[in-house]
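K.L.:
need a structure here:
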Amino acid sequence: MNSPLMTVRDLVDYAAEKYGDSDFIRFFRGGEMVARSFNDFKRDSYAVCRYIRSVDPKRKHIGFIGKTSYEYVVCLTGMILSGNVVVPFDPNITVKEACELFDDGDIEMLFCEEEFKEKAQEIKSKYSGLKEIVSLGDWHWFEAIFNNYGDDSPYAALSQVDVDPDKMTLIIYTSGTTGVRKGVMLTNHNLAANTSYDAFVMDEADVCFSVLPMHHVFCYACDVLRTLYDGGKICLNGNLADLYKNIIAFEPTVMRIVPSLCKSMLTRIKITEKRNPSLSKREAAEKILGKNFRRMIVGSAFISAAMIDEYEKYGIFPRMGYGMSECSPRITTSDFSGKGKYSTGRLLGTDEVRIVDGEVQVKGPSVMIGYYKKPEATAEAFTEDGFLHTGDLGYIEDDHIYLVGRKKNVIVLSNGENISPEEIENKFVDDTLVKDIVVIGEDDKLVAEIYPDSDYAAVSGIEDIDSEIEKIVDRVNIELRSDRQINTFRLREKPFLRTSTGKLKRTEFYYK
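P.N.:
Here you go, the predicted structure:
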């Protein structure tokens, strides 16, 4: 590549020219596996761009609500190519929250799937800023768009859009783990720069299984745009209920995953192993994840060294990466070279990263231009010399980041001791019986709320879960300094609330 990619359009063009008719996206339709090439993806994305501009050529803020599918990915990409500002939303969003965020994001037009149309009309009746709703049909509807707005159609000139690479093109609302959601403003250059790094490159033979929600920048930028850059193949899972069926059918080699799913998959493998003692560890893993699966790119939260080692016994290699929406989203990438095995990833080399007073700070082309309509929050997010406060505590060693916790989660005891709850919680990630744990401060003591894995308890013959959890807590306490030991614990009947990417909502600790 002679010059750096500056826009998503550059990336789409680059991939089509380099990889052409090779398969890019695979998905199921009507029970049959279907494939689309890099050329197909370019053609269809450009067609959507032309269609949008034929509806209204004026630059505006477009809301987008839909479920993961080939058409969703093409539509989102086409919206970016059209020069508009795209604001993707969780398909499970409530009318109340939608009205609040539509107002905050100045949404004028909404593209949504047919099943959301009734809810969209209700939003329009309550939010006067929404001027137009475009209801997306099924794949037949999209095929008509692809055909009628092609390169040789009367609309061909509509895809000739002069896009400023440093102008806002995407607003991603933060997941709201603290209850406050802000619109992260990302540019074409942000997305292109964060995609076209060389710290880790997929092999063109790699098949990536995409399971995370596509409205989140982690999934779109990493699964779609990065695979586009590398020339790999991406397989769309669609409905989460079909995950284990689809992973066997697609036979992927790699998957981006969040720790909660990472842990549940390991539990599933172990249950299979217990029920089928004649199977080798690798055979048990292949029963769940397919015969070709080898690598996990883990983001969103921490997995322990012990879990990494445990997975490797099954011939699977998890490695952590690290990022945030404000960084488009990667700050590091998973490193499968053998270096930094237990780190939170290798620095991309595209941005400047430093540690100040224990906090990771980032500056460079991947970093957002700010929070939409929140100048004070934007100012607070940056240092005087232009570095983004990540709020994450950690250190850098040999170009790898090692995270230890979040500044805002630190528990301060009366003796002045600062304790990162994540450091304690991470001691439990390898205990299969502990499905989830949160450590909080109460009356100057450390208290753990624990959600046990009842399925694992049942298959393992554990009848007294409380007693077993107490043994686990006692064992962990032995490893901890006295001022970091858990004083008491509570078992929960319901899981903790999480964001759509699996991050735990710490504001919901007492949801029962």
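K.L.:
contacts for stretch 238-257, please.
P.N.:
26-28, 33, 67-69, 202, 205-212, 218-219, 222-223, 235, 237, 265, 268, 288-299, 318 (CB atoms under 8 Å, 6 or more residues apart in numbering). (Each C-beta comes from the backbone N, C-alpha and C, glycine too.)
K.L.:
nope, stretch 341-352 is what I was after
P.N.:
Contacts to stretch 341-352, defined as CB under 8 Å, 6+ apart, come from residues 193-194, 196-200, 302, 305, 308, 319-322, 327, 330-335, 339-340, 353, 362-367, 387, 394, 396-397, 399-403.
K.L.:
tell me how far the ends of stretch 79-96 are from each other?
P.N.:
End-to-end distance of stretch 79-96 (CA to CA, to the nearest Å): 25 Å.
K.L.:
swap in stretch 105-118?
P.N.:
End-to-end distance of stretch 105-118 (CA to CA): 21 Å.
K.L.:
identify the residues contacting it?
P.N.:
55-56, 60-67, 75, 79, 87, 91, 101-102, 120, 123-124, 127, 129-138, 171, 173, 183, 372-373.
K.L.:
what is the burial count for the residue nearest to Thr7 when sequence neighbours are not counted?
P.N.:
Closest residue to Thr7 apart from its sequence neighbours, by CB to CB, 6 or more residues apart in numbering: Asn188 at 3.9 Å. Using other CB atoms under 10 Å, Asn188 has 25 other residues around it.
K.L.:
next up, the contacts around Asn188.
P.N.:
Residues near Asn188 by CB under 8 Å, 6+ apart: Met6, Thr7, Val8, Arg9, Ile80, Val163, Asp164, Pro165, Asp166, Lys167, Thr169.
K.L.:
out of the residues you listed, which is most surrounded?
P.N.:
Highest neighbour count within these: Val8, with 27 neighbours (other CB under 10 Å).
K.L.:
and that residue, how far is that from His215?
P.N.:
Using CB to CB, to the nearest Å, Val8 is found at 16 Å from His215.
K.L.:
and the gap between Ala199 and Arg226?
P.N.:
11 Å.
K.L.:
one more: Asp23?
P.N.:
In this structure, Asp23 and Arg226 are 16 Å apart, going by CB to CB.
K.L.:
which one of the two has more residues nearby?
P.N.:
Comparing Asp23 with Arg226 by neighbour count (other CB under 10 Å), the higher total belongs to Arg226, at 25 against 16.
K.L.:
Thr195 is in contact with that one, correct?
P.N.:
Yes. In this structure Arg226 lies within contact range of Thr195 using CB atoms under 8 Å: 5.4 Å.
K.L.:
and the pLDDT for Asn409?
P.N.:
Turning to Asn409, the model gives it a pLDDT of 79.
K.L.:
repeat that for Gly179.
P.N.:
With respect to pLDDT, Gly179 scores 54.
K.L.:
and Ser500, by the same measure?
P.N.:
Per-residue pLDDT puts Ser500 at 64.
K.L.:
before we move on, what about Val429?
P.N.:
As predicted, Val429 sits at a pLDDT of 81.
K.L.:
now do the strands in the stretch 201-350 of the chain.
P.N.:
Remark: strands assigned in the stretch 201-350 of the chain by DSSP state E, counting those that start in this stretch are 207-210, 233-236, 254-257, 295-298, 317-320, 332-333, 346-347.
K.L.:
in JSON lines: these, plus distance to Lys281 and mean pLDDT.
P.N.:
Output for the strands of the stretch 201-350 of the chain, formatted as JSON lines (distance: least, CB to CB, whole Å; pLDDT from 0 to 100):
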{"stretch": "strand 207-210", "distance to Lys281": "21", "mean pLDDT": "96"}
{"stretch": "strand 233-236", "distance to Lys281": "25", "mean pLDDT": "97"}
{"stretch": "strand 254-257", "distance to Lys281": "19", "mean pLDDT": "95"}
{"stretch": "strand 295-298", "distance to Lys281": "16", "mean pLDDT": "96"}
{"stretch": "strand 317-320", "distance to Lys281": "14", "mean pLDDT": "96"}
{"stretch": "strand 332-333", "distance to Lys281": "28", "mean pLDDT": "96"}
{"stretch": "strand 346-347", "distance to Lys281": "28", "mean pLDDT": "96"}
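K.L.:
SS state for Thr68?
P.N.:
Secondary structure for Thr68, judged by DSSP: H, G, I helix; E, B strand; the rest coil, is coil.
K.L.:
next structured bit after the helix or strand where Ile478 lies?
P.N.:
For Ile478, the host element (DSSP states H and E) is helix 465-479. Sequence-wise, the next helix or strand downstream of helix 465-479 (DSSP H and E) is strand 488-491.
K.L.:
other residues contacting that following strand?
P.N.:
Residues outside strand 488-491 that contact it (CB under 8 Å, 6+ apart): Lys445, Val447, Ala448, Glu449, Ile450, Tyr451, Pro452, Ile465, Asp466, Ile469, Glu470, Val473.
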